[in-house]
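**Student:** what would the 3D arrangement of this be:
(one chain, ligands or ions: 4)
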Amino acid sequence: MGEHRIEATKWARGWTSAVILATGGLGAGVAQAKPVAPRLFCDAYPEHPECNGALVTCETCHASTDPVAWNPYGLALLTALAGDDFDAGLAAALRSIEDADSDGDGATNLDELQLGTNPGRAESLWNPIPTPVGSSDHYELGEYDVAFAYRRAMVLYCGRSPSYDDLVGIRELDDDAAAARLHDDLAACLDAPYWRTTGLRELADPKVKPIKSVGADTTVIIQDFKVVLADYHWDYRLWRYLMADDRDMRALLTAQYHVVEDPQTGLLSPVEGTIPRPDPLAIDGGQPLEPEHRAGMLTTQWFLMSNTMFSELPRTTAAQAYRAYLGMDISKHEGIWPVAGEPADVDDRGVAAPACAQCHSTLDPLAYVFASYEGIILEGGKTGTWDPERPAALIPSWDDALRDSTLFGQTVGSVVDWGRAAADSPAFARSMTMTLYTHALGRGPTPDEAAAFGELVDTLAADDYSANRLIHRIVDTEGFGTP
Ligand code: HEC
Ligand code: HEC
Ligand SMILES: [Ca+2]
Ligand SMILES: [Ca+2]
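**Tutor:** Ligands and ions are numbered 1, 2, ... in the order given. Next comes the predicted model:
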């Protein structure tokens, strides 16, 4: 088996480079690279593990997209299409190569697609690690073990290991009673200070991306002004508020209030209206944006300051919103959903070139509505405010009539609409499930966990988008409780 895999890998590598060489010149001859394949593919295979709330990446079929080159699966597809119109012919072409093993790794294309491995790369193969059977000194190996799940849950959600007595106690219970104890104690953890402060805050770090030197705790002083460009504590408080107490986490993208913390009790509560700059010696740090233009985490002063900065067209802001809350990183070719006629390249940055349009035909239309929000303004109290004249003032060829955004093929006329459409999308449910799942297991779902993961995503709506209920379900999965 081992030898066979090495052979297959070598073969695939050689093949791939040959394909790149053979097709290296093709990219230049292609007038408009508008990759609709990920979406069409997911129309054909909605059951594919990456298609539930996301889209497959180009790597499924391509060895490279600039210059364009195909992996063996993509090449088989290209051959099966036999010159047919791509959009009309793709579904039939996909079906016609299901039983082949294009990358020669021993698994058919269809099997690989169902498992989520790559049918065009022999190195991508699911080899379940043989699970040891029997009992170790401490846990039942290879099957769900409540004591193991209990220990893991206490460490993650209470910030401490369970005591020896706790573990002995849980072992003495029958299965149902042990599971009930696990969930009772987990509920207590989710209600306790460790999770509500430290645990939840750490979970938000990659989404908020704090930079201490320009945040509220900065020690940098320039010309008597503290270089507070915005205060990310507002972001963390909103996140912590919405990810606790069975609140509806969709408000992360729709909330029009902010959240304050009582210094004595630690209690979080929403506040209405704008928040003035709290420190007259700081450049910024309040929340000057009028409530009606807010969309939760997407319009805090920190989010707009740190992502938009000085951009006329805030592509980075839209890309971070898509990455952090919809789980798709356009810079990795994830979530490509091109819009016809885009990118218009309104700011003349060269993004209409085929090599750039691959991504920017999705990204630029996502970004248009964010252009009405200020990035960094050094005058004080203005960073992140809304100004409908901003795009036209900064971009000479801006045309208001054409500048709605498009999110998942749907027109959205403002960031508020963007946030609402995003919050209700399958991508948001998947992404938030992924955030909590990878935190709990230290990795994403493996192919044999794909079905269980899909069920978690699908029950989020029935659970009223409660993070706590989702965590209780994650703790019950095989992946969480199997040593
Ligand atoms: C399901 C397989 C599949 C996926 C996924 C896929 N492609 Fe393709 N791609 C193809 C095939 C097949 C062709 C050849 C189509 C043709 O020439 O009719 C192609 C052609 C292209 C071309 C050549 C120009 C053109 O538009 O015909 C570019 C560029 C390209 N793809 C980029 C991408 C990018 C970027 C992604 C990811 C965002 C992507 N593709 C995802 C299968 C795929
Ligand atoms: C693989 C996808 C991808 C390709 C290909 C791509 N871009 Fe981008 N581009 C992005 C993303 C995503 C961002 C937003 C920044 C981020 O979050 O990474 C971006 C941002 C930008 C920005 C804004 C930078 C800023 O600071 O505001 C410009 C300008 C840009 N790209 C130009 C180009 C040009 C020109 C090309 C072609 C030579 C190109 N891009 C190719 C994904 C891509
Ligand atoms: Ca295969
Ligand atoms: Ca494979």
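
**Student:** so what's the closest residue to ligand 2 within the stretch 151-300 of the chain up against?
**Tutor:** Residue nearest to ligand 2 within the stretch 151-300 of the chain (Cβ to the nearest ligand atom): K209, separated by 10.9 Å. The way it works is simple: take the backbone N, C-alpha and C, and place the C-beta from them, glycine included. By Cβ atoms under 8 Å, 6 or more residues apart in numbering, the residues touching K209 are S306, Q320.

**Student:** now it: how far from T198?
**Tutor:** Distance of K209 to T198, computed by Cβ to Cβ, to the nearest Å: 18 Å.

**Student:** again with L229
**Tutor:** In terms of Cβ to Cβ, L229 sits 25 Å off from T198.

**Student:** looking at those two, which is more packed in?
**Tutor:** Using other Cβ atoms under 10 Å, the more surrounded residue of L229 and T198 is L229, with 26 against 11.

**Student:** I376 versus that one, what's the distance?
**Tutor:** Where I376 is concerned, L229 sits at a distance of 6 Å (Cβ to Cβ).

**Student:** can you check R151 too?
**Tutor:** For R151, the distance to I376 (Cβ to Cβ) stands at 46 Å.

**Student:** pull the contacting residues for N109.
**Tutor:** Contacts for N109 (Cβ under 8 Å, 6+ apart) come out as Y73, A76, I97, E98, D99, A100, D101, S102, P119.

**Student:** okay if I get these as TSV plus neighbour count?
**Tutor:** Converted to TSV, the contacts of N109 look like this (neighbours: other Cβ atoms under 10 Å):
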residue	neighbour count
Y73	24
A76	23
I97	18
E98	14
D99	10
A100	16
D101	20
S102	21
P119	29
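
**Student:** who in the chain is up against ligand 3?
**Tutor:** Contact residues (Cβ under 5 Å from the ion) of the chain with ligand 3: D101, D103, D105, A107.

**Student:** which residues touch D404?
**Tutor:** By Cβ under 8 Å, 6+ apart, D404 lies in contact with Y368, V369, T411, V412, G413.

**Student:** hmm, 10 Å instead?
**Tutor:** Residues in contact with D404 (Cβ atoms under 10 Å, 6 or more residues apart in numbering) are P365, Y368, V369, Q410, T411, V412, G413, S414, D417, W418.

**Student:** and if you look at D329?
**Tutor:** T57, A319, Q320, Y322, R323, G335.

**Student:** from G273, how far off is the fifth one?
**Tutor:** Spatial separation of R323 from G273 under the definition Cβ to Cβ is 30 Å.

**Student:** and those two? which has more neighbours close in?
**Tutor:** Neighbour tally, R323 and G273, criterion other Cβ under 10 Å: the higher count belongs to R323, 20 against 10.

**Student:** wait, that one sits on A422?
**Tutor:** No. Because the distance of 11.9 Å does not satisfy Cβ atoms under 10 Å, R323 is recorded as not touching A422.

**Student:** which residue does the stretch 351-483 of the chain have closest to ligand 3?
**Tutor:** Going by Cβ to the ion, ligand 3 is nearest to P447 of the stretch 351-483 of the chain, at 13.2 Å.

**Student:** repeat for the stretch 151-300 of the chain
**Tutor:** Going by Cβ to the ion, ligand 3 is nearest to P206 of the stretch 151-300 of the chain, at 33.0 Å.

**Student:** and for the helix or strand that contains that residue, what are the contacting residues?
**Tutor:** Secondary structure from DSSP states H and E places P206 in helix 200-208. Residues outside helix 200-208 that contact it (Cβ under 10 Å, 6+ apart): 190, 194-195, 210, 215, 232-244, 252, 297, 300, 302-303, 306, 320-321, 323-325, 435-436, 438-439, 467.

**Student:** again, 7 Å this time
**Tutor:** Y232, D235, Y236, W239, R240, M243, A244, M297, W302, A324, T435, H439 (Cβ atoms under 7 Å, 6 or more residues apart in numbering).

**Student:** also stretch 261-274?
**Tutor:** By Cβ under 7 Å, 6+ apart, the residues outside stretch 261-274 that reach it are 193, 237, 240-241, 257-260, 287-291.

**Student:** and of those residues, the nearest to I330?
**Tutor:** L289 (25.2 Å; Cβ to Cβ).

**Student:** and the pLDDT at the closest one?
**Tutor:** Predicted confidence (pLDDT) at L289: the value is 97.

**Student:** dump the residue contacts of F310.
**Tutor:** Contacts of F310 by Cβ under 7 Å, 6+ apart are G375, I376.

**Student:** that one in helix, strand or coil?
**Tutor:** Under DSSP: H, G, I helix; E, B strand; the rest coil, F310 falls in the coil class.

**Student:** show me the strands in the stretch 301-450 of the chain, by range?
**Tutor:** 405-407, 410-412 (DSSP state E, counting those that start in this stretch).

**Student:** buried stuff in the first one?
**Tutor:** Counting neighbours by 16 or more other Cβ atoms under 10 Å, one finds that the buried residues in strand 405-407 are S405, T406, L407.

**Student:** same deal with stretch 60-74?
**Tutor:** For stretch 60-74, by 16+ other Cβ under 10 Å, it's 60-65, 67-74.

**Student:** in CSV: those residues, plus secondary structure and distance to ligand 4.
**Tutor:** Shown next, in CSV, are those (DSSP: H, G, I helix; E, B strand; the rest coil; distance: Cβ to the ion, whole Å):
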residue, secondary structure, distance to ligand 4
T60, helix, 11
C61, coil, 12
H62, strand, 14
A63, strand, 13
S64, strand, 17
T65, strand, 19
P67, coil, 23
V68, strand, 21
A69, strand, 17
W70, strand, 14
N71, coil, 9
P72, helix, 9
Y73, helix, 8
G74, helix, 13
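
**Student:** can you give me the domain assignment for this protein?
**Tutor:** 2-115, 141-191+425-483, 194-423 (automatic domain parsing).

**Student:** if we can go back for a sec, tell me the one of the residues of the chain next to ligand 3 nearest ligand 2?
**Tutor:** The closest of these, once distances to ligand 2 are taken by Cβ to the nearest ligand atom, is D103, at 23.5 Å.

**Student:** and the nearest residue to that closest one once chain neighbours are set aside, how many neighbours?
**Tutor:** Computed as Cβ to Cβ, 6 or more residues apart in numbering, the closest residue to D103 that is not its neighbour in sequence is A122, at 4.5 Å. Neighbourhood size, A122 [other Cβ under 10 Å]: 28.
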